[in-house]
Every structure is written in C-alpha cells, then in structure tokens.
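S.K.: give me a 3D structure for the following:
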Amino acid sequence: MTHTVASIARALGLAAEGETGLVVTGVAEPALAGPGDLAFAGNPKYADDLAQGQARAALLWAGADWRGLGLAAAILAARPRHAMAGISRLFDPGPEIAPGIHPSAVIDSGAQIGDGAAIGAFVVIGRGVRIGPRARIGAHTSIAEGCIIGADALLHARVTICARVEIGDRFICQSGAVIGGDGFSFVTPEKSGVEEVRETLGHRSELRPQVWARIHSLGGVVIGDDVEVGANSAIDRGTVRATFVGAGTKIDNLVQIGHNAQIGRDCLLCGQVAIGGSARLGDRVVLGGKGGVSDNISVGDDVVAGAGTIIMSNAPAGRAMFGTPAIRMDQQIEAWKHMRRLGRLFAQVAELRQAATKARDTD
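M.R.: Numbering: from 1, shown residues only. Reported below is the predicted structural model:
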C-alpha cells in the first residue's frame, strides 16, 4: 500500500511540510526505518533514533525541527499517538477474505447476507441469521441461529457467535473469541457452602456434600456499534435478559464477561480482565490487565482501575482505584509505602526496647 506524505496528512487533517510528494510504502520505528518508510517518532526522546535509520519522512511532535533531524518531509501532530491510529488504519489491509461467498461455506437457506459481504472458507451460518452489508467473515467462523451482525463487521478466522446474539455496525472480533456461550450459573437444593461463607465471612455450620444444578441460559448478548473483542475472549449470554456491551467499548484478549453483565459505552477492558455475572459497569470505565469486578456490584462512570485491581464492592463514579480489594489509588500507594517501611520500623522498635531494657537494668 502506497501513499504520499501529503495524502497521509490530508487523511489525518494534519500539516505536512517539506517534500510532501514523497511516496511512502510502509511505516517503521525510527531506528529501523528504510528510505520508503514513514518513521513514527512522535516524542523528542526518539529524535536520536532517526539518525540510526534511513527514513526520509516521519511523524513528529508539533514544532519539531524536522530539517535539523535530517528529514526531507514531516507530518506534525499535537497528539502524535492519535495520529498513529489514523496512519495505521491507512496501511492495514486487514485479513485476506475474497469477495463473495466461498464455495465451502455452509449457509442456511433462511439466512440473509448483505450486499458486498465476504464469507470465507468453511464458514457456517445458521437459520435466520442476518449479516449486514460489507461484512467480512473469516474462515472457519461459526454463526448460530437467530444472530444479527451489522454493517462493515470484521470477524477474523475461527470466531464463534452462539445463538441469539445481536451485534451492531463496524464490529471487530479477533480469532478464537466466543460470544454468547452459556453463563456459569449453578445452584444447590439447599443453601450452599458458598452462600454461607458470603453471609458469615468464613463460618460454616457444617461441611456436607452438595450437588450443583445448572441454571440454563435463556437470554442472549446485545453488542452496540464500534465494539472490538480480542482473541480468545468470552462473553456469556444472559440467564433471562441479555448480557449487554455498550457502543465503542474495546475488549482485549482473554477477557471474560459473565452472564447478565451490563457494560457501558466506550469502556476499555484490558487483557485477562474478568467481569462477574450481573455486574454493571458505567460508561468509560477502564480496567487494567488481570483486573476484575465481582458479581452483582456496580462500577460508576469514568472509574479507572490499575492492573491487577479487583473491585469487590460498589465503586462511585470517577474514582481511580488500585489493589485487591480495590481502594482509592492514592490510599493504596500510601499503604504500600507504609508496608515497605515496616522492616525499618520493627528494627527501630527493637532498638528502643533494648535501650529501655538496658536503662531499667541500670536503674
């Protein structure tokens, strides 16, 4: 894929300077860039790396002295990382899925395939499915009965969409994801040990055998527009009502969203996050990697939780959180500082005890 510096800048709505007619055939880090690459050097700390590479053009920070850096052309951005998003989109061809329907695909006669859709090899599409226009479905993907997938969707190879899933426009799903699998919901005839521990925080009246009965998942999954789901993630369908993911939310690899969960708009769920059943997340919630939210609690709008944070009780809107169990981020950092000082504190106490004992014996 080739572009000129001028056409890239024009697509981004940014200023280009120098020899803007230069043809760019790829993008690269500054030290590894060849003469046909656009180097990503959006921070002054990468300026020295440009001299190690052969780039003639680069994406730079606003006000950069691109001539002094030995470049022939530059695109200047007040927020270079955001500009990188646009540039990467221009140069990403996406997976190779031939237009039309591959002859090996198995499509129910009642399914509706939108204009311009591309269906890859060995795809299976069930009864009553509706696929929007220009959708691209990768090889070995399975879409079960009654599903709706909006326009311009991209499902990479080996995605599984189970029954009764509704997905909006411009959906992107990476390989191995499963959307709409059964929720993890089981119950015992009598009060279970888990229920008893939750009520008493550890006391058990007796230890006895217990048998788990499945609560079947009768609901579906509803996903808004512009949602992305990472590789090998899972979104379980609801017990009765649908599990919901709001528009614009981005879900990383290996994320688990439990049955009945309600995820707001424009959330960011990083790798290995787990959301318990019936949890409710507001809009713009950010959960760092290996974090989690317990079942049946609410997390308010604009909460930001650091990596490894487990939220176990309702969290108010706008709070920055850290640790397990999660508390305010500044409080958690201060607590860590105190813990690091404990060794010194114990040594000081020992010295004081020794001094007090010596003073007493002297008296």
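
S.K.: need the longest helix for this protein.
M.R.: helix 342-362 (DSSP state H).

S.K.: any idea of the mean pLDDT in that one?
M.R.: Per-residue pLDDT values over helix 342-362 give a mean of 88.

S.K.: alpha carbons of it, in PDB - could you do that?
M.R.: Coordinates of each C-alpha in helix 342-362 appear next as PDB, following Å, rounded to 0.1, in the frame of the first residue of the first chain:
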ATOM      1  CA  LEU A 342       7.700  -1.900  58.300                       C
ATOM      2  CA  GLY A 343      11.100  -3.600  58.400                       C
ATOM      3  CA  ARG A 344      12.800  -0.300  59.500                       C
ATOM      4  CA  LEU A 345      10.000   0.400  62.000                       C
ATOM      5  CA  PHE A 346      10.500  -3.100  63.600                       C
ATOM      6  CA  ALA A 347      14.200  -2.500  63.800                       C
ATOM      7  CA  GLN A 348      13.700   0.900  65.500                       C
ATOM      8  CA  VAL A 349      11.200  -0.700  68.000                       C
ATOM      9  CA  ALA A 350      13.800  -3.400  68.800                       C
ATOM     10  CA  GLU A 351      16.400  -0.800  69.400                       C
ATOM     11  CA  LEU A 352      14.000   1.200  71.700                       C
ATOM     12  CA  ARG A 353      13.100  -2.000  73.600                       C
ATOM     13  CA  GLN A 354      16.800  -2.800  74.000                       C
ATOM     14  CA  ALA A 355      17.600   0.700  75.200                       C
ATOM     15  CA  ALA A 356      14.600   0.700  77.600                       C
ATOM     16  CA  THR A 357      15.700  -2.700  79.000                       C
ATOM     17  CA  LYS A 358      19.200  -1.500  79.500                       C
ATOM     18  CA  ALA A 359      18.000   1.700  81.200                       C
ATOM     19  CA  ARG A 360      15.800  -0.300  83.500                       C
ATOM     20  CA  ASP A 361      18.600  -2.700  84.400                       C
ATOM     21  CA  THR A 362      20.900   0.200  85.100                       C
END
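
S.K.: what about the helices in this structure?
M.R.: Assigned by DSSP H, the helices in the chain fall at 5-12, 47-52, 80-91, 193-200, 329-340, 342-362.

S.K.: in terms of secondary structure, what does the fourth one contact?
M.R.: Judged by 3 or more C-beta pairs under 8 Å, 6 or more residues apart in numbering; DSSP states H and E, helix 193-200 is in contact with no other helix or strand. From N, CA and C alone the C-beta is placed, and that goes for glycine too.

S.K.: what's the mean pLDDT across that helix?
M.R.: 90.

S.K.: repeat for the shortest one
M.R.: The pLDDT scores in helix 47-52 average 93.

S.K.: buried set for stretch 290-309?
M.R.: Neighbour counts over stretch 290-309 (16 or more other C-beta atoms under 10 Å) mark 291-294, 297-306, 309 as buried.

S.K.: about what we covered before: deepest of the helices of the chain, which one?
M.R.: Per residue and on average, the most neighbours among those fall to helix 5-12, with a mean of 18 (mean count of other C-beta atoms under 10 Å).

S.K.: other residues contacting it?
M.R.: Surrounding helix 5-12, the residues in contact under the criterion C-beta atoms under 8 Å, 6 or more residues apart in numbering are 3, 15-16, 18-22, 24, 38, 57, 73-75, 77, 83, 86-87, 90.

S.K.: now with 7 Å?
M.R.: The contact list for helix 5-12 (C-beta atoms under 7 Å, 6 or more residues apart in numbering) reads 15-16, 20-22, 24, 38, 57, 73, 75, 83, 86-87, 90.

S.K.: now, of the residues you listed, which are buried?
M.R.: Among the contacts of helix 5-12, those buried by neighbour count (16+ other C-beta under 10 Å) are 16, 20, 22, 24, 38, 57, 73, 75, 83, 87.

S.K.: nearest to residue 199 among those?
M.R.: residue 83 (53.9 Å; C-beta to C-beta).

S.K.: pLDDT below threshold where in the stretch 151-300 of the chain?
M.R.: Low-confidence segments of the stretch 151-300 of the chain (pLDDT under 70): none present.

S.K.: so what does the longest helix of the chain touch, helix or strand wise?
M.R.: Contacting helix 342-362 under the criterion 3 or more C-beta pairs under 7 Å, 6 or more residues apart in numbering; DSSP states H and E is no other helix or strand.

S.K.: that older thread, lowest-confidence entry in the contacts of helix 5-12?
M.R.: Across the contacts of helix 5-12, the smallest pLDDT goes to residue 15, namely 92.

S.K.: from residue 7, how far off is the residue nearest to it when sequence neighbours are not counted?
M.R.: Residue nearest to residue 15 in three dimensions, not counting chain neighbours: residue 76, with 5.4 Å by C-beta to C-beta, 6 or more residues apart in numbering. Relative to residue 7, residue 76 is positioned 16 Å away (C-beta to C-beta, to the nearest Å).
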